[in-house]
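**Q** model the following, please.
(2 chains)
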Amino acid sequence: MGCSSSLPDRSPGRVGGLNPDNGGDSDAKNLRVKLVLLGDSGVGKSCIVLRFVRGQFDPTSKVTVGASFLSQTIALQDSTTVKFEIWDTAGQERYAALAPLYYRGAAVGVIVYDITNPDSFHKAQYWVKELQKHGSPDIVLALVGNKADLQEKREVSVQAGIEYAEKNGMFFIETSAKTADNINQLFEEIAKRLPRPSPS
Amino acid sequence: MYGTQSKRDLTLEMQSQIPILRPSIHSRRANITVKFQDLYGFTVEGNVDDANIINEVREKVREQGRVWWSLEASKGANWYLQTDVSSALKASLKFSVLVNAITLKKLIRKGIPPVLRPKVWFSLSGAAKKKSTVPDSYYNDLIIAVEGKVTPATKQIDHDLPRTFPGHPWLDTPEGHASLRRVLVGYSFRDSDVGYCQGLNYVAALLLLVMKTEEDAFWMLAVLLENVLVNDCYSSNLSGCHVEQRVFKDLLKKKCPSINAHLESLEFDVSLVATEWFLCLFSKSLPSETTLRVWDVLFYEGAKVLFNVALAIFKMKEEELLMAHHVGDVINVIQNTTHHLFDPDDLLTVAFDKFDKLGFMTSTNISKERKKQEPAVMAELDQRLRRLNSSNLEVDS
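**A** A predicted model of the protein is given here:
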């Protein structure tokens, strides 16, 4: 309908979620960031997102099929804002081949495992490798051990998480979507680590 | 019946043009969120207008019921169960059979009354035929045979039961969970290539609500996966689903070129939203009666119906989509649309009148398109598998 020609100037060809010269999309003060959550089924990806976006914990959030999308803006102390556009992906193995659809162009990859489930920690390592190889070159990666409230059932040590993250140059944090512990911190820390577009 | 719809649109349009100092009764009412239950027990959150639409739809459903009863009176009981279009055409039997087949197609597109759904679906989908080829005790034997067995599929099913339509007055009870579990676990053993795929939980749950009996829901699930939908939609690499996505992208390009061009410029891949539609057969996105109206046509006309509906959702919001600046805006437009499509006719009119008249959307053409896409999908999945295996080795080492 020819409406597209009257739209504000934009650069459709950008690759990363954060391109310094993408004209009007993000600027130095207000970033718009694509974030993808990956990890085994049932580790709590959707719960983390719902806690962050809506401030709620719903132990029976719906099963994710394909992926679901939510966004949330946070204000940082240096008076910049970051709008996270979050792709929360389905965890079942057979959905893995769809993952590139969601992580393509993502500026941030959050890889989640369940501290009570060693298999999910192992699975997290596949996702790290996949994003290192096929994600955006400057992608910020975070490793998240969720369900930290279940200390008595812990099977993945904090040390294991820290070591793996350090070795791979990732940010590491343990969270509990149930108690809200470290959820905001996770996103704030990610925001701090984002490469800033140079002010022009 | 579309008069009310256009009137409502007009009011909204006028409101946006006239500066309003004080919110009108209309807009104040529209802002009040009300919670109510729909025909199938799902809690719906919407504004007063949405509630009114749901009431109008209830009335239309009753009206449609009267149409079916009066046809039954003139054509005889169960006339609709004896109209197999393909066999009627092949044998070019009696003229009346053909007439009935044409009447039925139109009738089904206008909706099957909820009380008749179990019977009509079971017969017209081919589920009855499928069931008749095995001993009567098949389902019960299967359920007994698989009891207590633990597989990756059963583990995933157990994990997903409370996360399938949480809060539903029947599905989310111990009885509802047990019933859904038996259907899904039973099917996972019937077809171990499929096993269990997330998405089927929603489909089977809705089938249970409609079919009333667990066994009939099981056979509907079987006919759906084995006959109605394309092969391998849900199997371990979802290859069928990948094929459908490619076909859909091609159709969008042909049928809605300006939307397609705009979305491409935003780097918005339609699979971002359409994957869930095709795997849940819209049950996770559309209101229940609207979903079931799609399924009415799906079980009679086949899997190509999913393309009609998916295209219609985009087409209905063409103007808004062309105004979207970001991927997030596109998603919001689409999600707002699907969640509020309480009047099934709004969607189905676009889905069938518009795209059918343009031709091309026949089952034969769609099959050809699928064949064309298959090699590319297989190559892509194969490449990914090899890539994964190589990184697998690195993790282990």
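**Q** list the buried residues for the lengthiest helix in chain A?
**A** Longest helix of chain A, by residue count under DSSP state H: helix A:118-134. Across helix A:118-134, burial judged by 16 or more other CB atoms under 10 Å in any protein chain shown covers A:120-121, A:123-132. For the C-beta atoms, the positions are set from N, CA and C on the backbone; glycine is no exception.
**Q** likewise stretch B:207-224?
**A** Buried-residue list, stretch B:207-224, by 16+ other CB under 10 Å: B:207-211, B:214-224.
**Q** my read is that A:K153 contacts A:T116, right?
**A** Yes - A:K153 lies in contact with A:T116 (CB atoms under 8 Å); the separation is 4.2 Å.
**Q** more neighbours: these two, which one.
**A** When neighbours are counted by other CB atoms under 10 Å in any protein chain shown, A:K153 and A:T116 differ, and A:T116 comes out ahead with 18 against 11.
**Q** how about the more buried one, secondary structure?
**A** Using DSSP: H, G, I helix; E, B strand; the rest coil, the structure places A:T116 in coil.
**Q** what about the one helix or strand B:A274 maps to, average pLDDT?
**A** Element membership for B:A274, per DSSP states H and E: helix B:271-280. The pLDDT scores in helix B:271-280 average 96.
**Q** which other residues reach it?
**A** Identification of contacts with helix B:271-280 by CB atoms under 8 Å, 6 or more residues apart in numbering or on different chains yields A:65-69, A:87, A:98, A:101-102, B:197-199, B:202-203, B:233-234, B:238, B:241, B:244-245, B:248-249, B:284-285, B:306, B:309-310, B:313, B:327, B:331, B:334-335.
**Q** can you show me the strands along chain A?
**A** Taking DSSP state E, the strands of chain A run over residues A:30-39, A:67-75, A:81-89, A:108-114, A:140-146, A:171-174.
**Q** past the host helix or strand of B:V305, which element shows up next along the chain?
**A** Using DSSP H and E, B:V305 maps to helix B:304-316. The helix or strand immediately downstream of helix B:304-316 is helix B:318-323, counting by DSSP H and E.
**Q** got the contact list for stretch B:228-243?
**A** By CB under 8 Å, 6+ apart, stretch B:228-243 touches A:93-95, A:97-98, B:125-126, B:193-195, B:197, B:199-200, B:225, B:244, B:275, B:278-279, B:298-299, B:302-303, B:370, B:373-374, B:377-378, B:380-381, B:385.
**Q** which parts of that stretch are buried?
**A** Buried residues in stretch B:228-243, counted by 16+ other CB under 10 Å: B:228-230, B:232-235, B:237-243.
**Q** tell me the two of those residues that are most distant?
**A** Farthest-apart pair in the buried residues of stretch B:228-243 is B:V228 and B:N237; separation 20.4 Å (CB to CB).
**Q** and the longest helix for chain B?
**A** Longest helix in chain B, counting by DSSP H: helix B:363-396.
**Q** ok, what's across the strand from the residue nearest to the spatial centre of chain A?
**A** Centroid check for chain A by CA atoms, centre = their mean gives A:V110 as the closest residue, at 3.5 Å. Beta bridges link A:V110 to A:L37, A:A142 when assigned by DSSP bridges.
**Q** got it, and the one 4 residues further on?
**A** As for beta bridges, A:D114 partners with A:N146 under DSSP bridges.
**Q** any idea how far it lies from A:A99?
**A** Here the distance between A:D114 and A:A99 works out to 19 Å (CB to CB, to the nearest Å).
**Q** and what of B:L171?
**A** Using CB to CB, B:L171 is found at 29 Å from A:A99.
**Q** and what of A:L150?
**A** 27 Å.
**Q** same drill for these two, tell me which one is more crowded.
**A** Counted by other CB under 10 Å, A:L150 and A:A99 do not tie: A:A99 has more neighbours, with 21 against 15.
**Q** do I have it right that the more buried one meets A:A90?
**A** No - using CB under 8 Å as the test, A:A99 is too far from A:A90 to be in contact (9.2 Å).
**Q** avg pLDDT for the helix or strand harbouring B:D158?
**A** Assigned by DSSP H and E, B:D158 belongs to helix B:152-160. Average pLDDT, helix B:152-160: 96.
**Q** buried residues in that helix?
**A** Residues of helix B:152-160 classed as buried by neighbour count (16+ other CB under 10 Å): B:153-154, B:156-157, B:160.
**Q** any residue of stretch B:343-354 touching chain A?
**A** No - for a cut-off given as CB under 8 Å from any CB of the partner chain, stretch B:343-354 has no contacts with chain A; the smallest distance is 16.0 Å.
**Q** contacts for that stretch, please.
**A** B:1-2, B:5, B:53, B:56-57, B:60, B:109-111, B:286, B:289-290, B:293-294, B:297, B:305, B:308-309, B:311-313, B:315-316, B:341.
**Q** tell me the buried residues within these.
**A** B:53, B:56-57, B:60, B:109-111, B:286, B:289-290, B:293-294, B:297, B:305, B:308-309, B:311-313, B:315-316, B:341.
**Q** cheers, nothing more for now.
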